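Asker: when you get a sec, could you give me coordinates for this:
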Amino acid sequence: MNLASQSGDAGGSQLLFANFNQDNTSLAVGTNSGYKFFSLSSVDKLELIYECTDTEDVCIVERLFSSSLVAIVSLKAPRKLKVCHFQKGTELCNYSYSNTILAVKLNRQRLIVCLEESLCIHNIRDMKVLHTIRETPPNPSGLCALSISNDNCYLAYPGSATIGEVQVFDTVNLRAANMIPAHDSPLAALAFDASGTKLATASEKGTVIRVFSIPEGQKLFEFRRGVKRCVSICSLAFSMEGLYLSASSNTETVHIFKLETPKEKYVPAEEPTTWGGYLGKVLMASTTYLPSQVTEMFTQGRAFATVRLPFCGHKNICALAVIQKIPRLLVAAADGYLYLYNLDPQEGGECTLMKQHRLDGSADPSNEILEQGSHDRPLVAQTAVTKGFLVYFEEQGAVGGAGLEDDLNDLRLEEENEQPPLILETD
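Answerer: The predicted structure follows:
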C-alpha cells in the first residue's frame, strides 16, 4: 500500500507505505522518518522487530519473508532502489532506473521492479538484471503480482490500459506464459496464491472477483462482491493454504470468499416446502433460458464472511493469516491503524474485531480486545552503508552497484525465524 501520492489519507500519522511480507508473519511500515518491521505473532501487541531512522520519506519497503533482506525506495530518490541487510546495517547494492519506481516485489528467486511502462527482473542471489519487459501498457499505479512459489515463479501485470487483460510471465525461463482476458474493464488488483497455481483478479468496476488457474488461464471461480455500486478494489489476498480469498475496497466492507468446488458444497436435493423454496427452484431452472449476464449473477459465488471496517474511503491492504492458531483477517489502513478480526472457518458470517494497533507502534489507550474467547475458533485442517563497485546494465534499463558477494551469501534467504529487535539510528 503506497500512499506517497495520497499523503492526505495518512493524516498526521506520516504513513507513506504499509505491506505484509510474503507469508504474512511481519508488517513493514514506511514513514517520513524511516521504516519499521513489526512481528504478527500475537494479537495483543504489535512487536517491533526493527526500526531504521537514517532514511527519510520511505515510500516502498519490502522484506523477503523473515530474512534480513530489504528493498527500499525513498521519495527523495524515487528512481533509486536500495537493497540492504538490515541486521548488519549495510547497503548491499543500489540501482537507478529511467523512471519512478512504483512497486517492488520479491520472492526467493527474483526481485521485480515495476515502472510505469516497464518491469525489470533481477536475480535475487546476486541482484543482476536478467531481463526487462519493455513497452508495457501504461501502469501508473504499479499494479503487478509475483508468486512466492519456487516451483511456479510467475509474474502477472496488466496487458492493456483499456480492458482487463492479464499478462503472465515466467520469471525463471524468462518468457511469456499466457495472456488472460479476465475482465472487460481495466485491472485494479491482482494476487497469486502461495502455490502460484491460482491468480485472483478484479477490475476497476469492482463488482466481480475472478480466480484463474496458472499458467493455463482457466477460470476456476467467480465471486460477486456487490451489484449496487462500483467500487475501487484496494487489495486481494489469499490465505496461505489457498482456501480463502479476501477483497478490500474503498468502502467499509471487506469480503472473504471460500474457494469451494461445486462438489465440495453439494447438498442432496430436497423438494422445497416453502414459497421461497419453490421460487428459488424456479429461478435457478430459468437460468437456462436467461441472457448470459443474468445467468452469471445467479451462478456467481457470494461472500463466505464479511468485515465491517470503522472507516470508509481510506486506502488499505488486507491479509489472511493464522495467529495463535486462530484464522484472522488483518487490515492495514491509511488512517494509521492495523485492524485484526477473527474469522470463523466453519460458519463464516460477520467477523469480530479483536484488536487495533497504531502503525507507528505507539500504544492506543482505547485499544481493548472485544469478546475474547467466544469467537476464538481454531482453524480446522484442510484436505550503515557499505558501498559496492558499479556495474552497468544500461541495455536492461537499470544502472547500479553490484551486490557485495559475501553479504549476499550471508542473507540466508531460507531463514524463517524472526531476528531479535534492533534499532538503527544514524545522524
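Asker: so what's residue 167 bridging to?
Answerer: residue 157, residue 179 (DSSP bridges).
Asker: which ones are touching it?
Answerer: 136, 156, 157, 158, 159, 176, 178, 179 (C-beta atoms under 8 Å, 6 or more residues apart in numbering). No exception for glycine: its C-beta is placed from N, CA and C like everyone else's.
Asker: go with 7 Å
Answerer: For residue 167, the contact set (C-beta atoms under 7 Å, 6 or more residues apart in numbering) comprises 156, 157, 159, 176, 179.
Asker: same check on residue 135?
Answerer: residue 117.
Asker: residue 121 versus that one, what's the distance?
Answerer: Summarising the geometry, the distance separating residue 135 from residue 121, computed by C-beta to C-beta, to the nearest Å, is 15 Å.
Asker: residue 236 now?
Answerer: The span separating residue 236 from residue 121 equals 22 Å under the rule C-beta to C-beta.
Asker: sorry, back to before: which of the contacts of residue 167 count as buried?
Answerer: In terms of neighbour count (16 or more other C-beta atoms under 10 Å), the buried residues within the contacts of residue 167 are 156, 157, 159.
Asker: any chance of those residues in CSV, plus distance to residue 330?
Answerer: Shown next, in CSV, are the buried ones among the contacts of residue 167 (distance: C-beta to C-beta, whole Å):
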residue, distance to residue 330
156, 23
157, 25
159, 30
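Asker: tell me the one among these nearest to residue 338.
Answerer: Using C-beta to C-beta, the shortest approach to residue 338 within the buried ones among the contacts of residue 167 belongs to residue 156, at 26.5 Å.
Asker: mind checking the SS state of residue 317?
Answerer: Secondary structure, DSSP: H, G, I helix; E, B strand; the rest coil: residue 317 is strand.
Asker: for residue 246, which residues are in contact?
Answerer: Contacts were defined as C-beta under 7 Å, 6+ apart; by that measure residue 246 touches 237, 254, 256, 318, 320, 329.
Asker: tell me the strands beside the strand or helix carrying it, with direction?
Answerer: Taking DSSP states H and E as the criterion, residue 246 maps to strand 244-249. Strand 244-249 sits in its sheet next to strand 233-238 (antiparallel), strand 253-258 (antiparallel), going by DSSP bridges.
Asker: including distance to residue 70, mean pLDDT and mean neighbour count, could these go into TSV?
Answerer: Below are the strands paired with strand 244-249 laid out as TSV (distance: least, C-beta to C-beta, whole Å; pLDDT from 0 to 100; neighbours: other C-beta atoms under 10 Å):
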stretch	distance to residue 70	mean pLDDT	mean neighbour count
strand 233-238	21	96	24
strand 253-258	28	96	23
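Asker: TSV for the ones you listed, including distance to residue 69?
Answerer: Shown next, in TSV, are the strands paired with strand 244-249 (distance: least, C-beta to C-beta, whole Å):
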stretch	distance to residue 69
strand 233-238	22
strand 253-258	30
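Asker: what stretches of the stretch 301-427 of the chain score poorly on pLDDT?
Answerer: Counting by pLDDT under 70, the stretch 301-427 of the chain shows low-confidence ranges at 364-397, 400-427.
Asker: partner residues bridging the residue nearest in space to the middle of the chain?
Answerer: Here the mean C-alpha position of the chain is nearest to the C-alpha of residue 237 (C-alpha atoms, centre = their mean), at a distance of 5.6 Å. Residue 237 has the following beta-bridge partners by DSSP bridges: residue 246.
Asker: residues of stretch 210-223 that come out buried?
Answerer: Buried residues in stretch 210-223, defined by neighbour count with 16+ other C-beta under 10 Å: 210, 211, 212, 214, 215, 217, 220, 221, 223.
Asker: now stretch 55-70
Answerer: Going through stretch 55-70 with 16+ other C-beta under 10 Å, the ones that come out buried are 55, 57-70.
Asker: contacts for that stretch next, please.
Answerer: Contact with stretch 55-70 is made by 2, 4, 16-17, 19, 21-23, 25-26, 28, 30-35, 37, 71-76, 83-87, 101, 104, 106, 411-413, 415-419, as judged by C-beta under 7 Å, 6+ apart.
Asker: now the end-to-end length of that stretch.
Answerer: 13 Å (C-alpha to C-alpha, to the nearest Å).
Asker: mind showing which ranges of the stretch 101-250 of the chain have poor pLDDT?
Answerer: With pLDDT under 70 as the threshold, the stretch 101-250 of the chain has low-confidence stretches at 226-229.
Asker: that'll do, ta.
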